[in-house]
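# any chance you could fold what I've pasted below:
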Amino acid sequence: MLKSSITSKDVITATEFKTHALRLLTEAQQRGKKFLITRNGKPVAQLIPARPTGHETSKGSLAAYGKIVGDIVHINFTQDWNVFKEK
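As a prediction, the model looks like this:
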């Protein structure tokens, strides 16, 4: 059950996991660390980073596909409306 990517320093007791769960979750998420959790010296669970789902937040998800040109806050539509008035 002990995978080669989990070293002896990544084996933690259930008590240690309970005490340091938030820090360990952060390490798994940000650094990709894996942990083997034991109870009475026997493996009971593994903490592994979640795979990316592809459903990232919308903020920045289209950043590589667009470009903001000009002032998007103070827009003057007068010139655009005049095109329609002329027809």
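# remind me, longest helix of the protein?
For the chain, the helix with the greatest residue count under DSSP state H is helix 14-31.
# in its sheet, what does the next helix or strand after that one sit against?
Counting by DSSP states H and E, the element after helix 14-31 in chain order, helix or strand, is strand 35-39. Using DSSP bridges, strand 35-39 pairs in its sheet with strand 11-13 (parallel), strand 42-47 (antiparallel).
# stretch 7-15: which residues count as buried?
10, 12 (16 or more other Cβ atoms under 10 Å). (Glycine included, C-beta is placed from N, CA and C.)
# end to end, how far does it reach?
19 Å (Cα to Cα, to the nearest Å).
# before we move on, the earlier item: redo the strands paired with strand 35-39 as CSV? Include distance to residue 27.
Listed next are the strands paired with strand 35-39 as CSV, based on distance: least, Cβ to Cβ, whole Å:
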stretch, distance to residue 27
strand 11-13, 11
strand 42-47, 9
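# for residue 35, find the nearest of those strands.
Smallest distance to residue 35 across those (Cβ to Cβ): 4.2 Å, for strand 42-47.
# what mean pLDDT does the closest one have?
Strand 42-47 shows a mean pLDDT of 95.
# what's the angle from that strand to helix 14-31?
If you take axes from the mean of the first three to the mean of the last three Cα atoms, to 10 degrees, strand 42-47 sits at 30 degrees to helix 14-31.
# ok, which of the strands paired with strand 35-39 comes nearest residue 36?
Residue 36 lies closest, by Cβ to Cβ, to one member of those: strand 11-13, at 4.7 Å.
# residue 67 - how many residues pack around it?
By other Cβ atoms under 10 Å, 6 other residues sit near residue 67.
# what values do phi and psi take at it?
In terms of degrees, to the nearest 10, the main-chain angles of residue 67 are phi -150, psi 130.
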